[in-house]
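In: compute the structure for the input listed below.
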Amino acid sequence: LLQAGFDETHQLENIEAGKEGTFTVTLPISDSIEPDSYTLEFTITAEDGEGIQYEIKKEVELEIELDDDDIRIVKAQLTPLTATICDQEVSFETEVHNFGSDDQTKVKVTLSNTELSLNEKVENIVIDAYTEDDDIWQKTFLIPIENTKAKIYFLDLKTYIDSALTDAEVIQLELKACAAEQP
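Out: Just a heads-up that it's a prediction; the model follows:
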């Protein structure tokens, strides 16, 4: 849904008589919006140089449609947030949603980093269409970090439908020196 109770006021600059002005409104839309028709109501109030007030109300119909194929990453979180090279592994939680109108049977999720020899791949994931109950896929990857250097590593998380890339995120994994090794 568009944010319930969305109600904002914006001040426009003065517009001379007989001239036009434009104003762009960006509306926040929730990830959980249902495909449907929505009516937006705009109220424009103005006052002229003589102190006379004007009010114009306009309604705009907005149609929200889903793409057929729309797999997106909605969560990518490392645990613990601060890891050291003395830790044996870190957990990486990921959550993928199907925001599309089609059921998907060939979703693929990959997590990789060459320096860490990380090459995780989960294929043939089935995720129902957006408006159904099973439109989410979750997994926690365990990333071994023994025998690594203290530095920042960049993990590549990608989602695919068949072989077509649908979303990608780069997650920063900062490994610090062990507390005993710090001066």
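In: okay, CA-based contacts and neighbour counts for the rest of this
Out: Will do.
In: how long is stretch 18-29 from one end to the other?
Out: In stretch 18-29, first residue to last residue: 35 Å (CA to CA, to the nearest Å).
In: what residue lies at the spatial centre of the chain?
Out: Residue closest to the average C-alpha location in the chain (CA atoms, centre = their mean): residue 74, at 5.4 Å.
In: verify the stated contact: it with residue 99.
Out: No. Look at residue 74 against residue 99 with CA atoms under 8 Å: they stay out of range, at 10.5 Å.
In: contact partners of whichever strand or helix holds the residue nearest to the centre of the chain?
Out: Per DSSP states H and E, residue 74 falls inside strand 71-79. Identification of contacts with strand 71-79 by CA atoms under 8 Å, 6 or more residues apart in numbering yields 90-100, 159-161, 166-169, 171, 173.
In: neighbouring strands - and their directions - for it?
Out: Counting by DSSP bridges, the strands paired with strand 71-79 are strand 89-98 (antiparallel).
In: report the buried residues of the partner strand.
Out: Neighbour-count burial for strand 89-98 flags 89-90, 92, 94, 96-98 (criterion: 16 or more other CA atoms under 10 Å).
In: output whichever helix or strand comes after that strand as CSV, nothing but the C-alphas.
Out: Moving toward the C-terminus from strand 89-98, the first helix or strand encountered (DSSP H and E) is strand 104-113. Taking Å, rounded to 0.1, in the frame of the first residue of the first chain, the C-alpha atoms of strand 104-113 are listed here in CSV:
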residue,chain,number,x,y,z
GLN,A,104,9.2,-19.2,-10.2
THR,A,105,10.8,-22.7,-10.3
LYS,A,106,14.3,-22.0,-11.5
VAL,A,107,15.6,-19.3,-9.1
LYS,A,108,19.3,-19.4,-8.4
VAL,A,109,21.2,-17.6,-5.6
THR,A,110,25.0,-17.3,-5.6
LEU,A,111,27.3,-16.0,-2.9
SER,A,112,31.0,-15.6,-3.9
ASN,A,113,34.4,-14.1,-3.1
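In: in strand 104-113, what's buried?
Out: 104, 107-112.
In: repeat for stretch 166-180
Out: 166-169, 171, 173-177.
In: contacting residues around the helix or strand containing residue 143?
Out: With elements taken from DSSP H and E, the one containing residue 143 is strand 136-144. For strand 136-144, the surrounding residues in contact (CA under 8 Å, 6+ apart) are 88-98, 118, 125, 127-128.
In: where does this structure dip in pLDDT?
Out: Along the chain, the parts satisfying pLDDT under 70 run over 1-8, 10, 30-32, 132, 180-183.
In: 90 instead?
Out: Low-confidence segments of the chain, defined by pLDDT under 90: 1-56, 58-68, 80-88, 100-101, 130-134, 145-148, 178-183.
In: that one: strands as residue ranges?
Out: With DSSP state E applied, the chain shows strands at 36-47, 53-64, 71-79, 83-84, 89-98, 104-113, 118-127, 136-144, 152-161, 164-176, listed in chain order.
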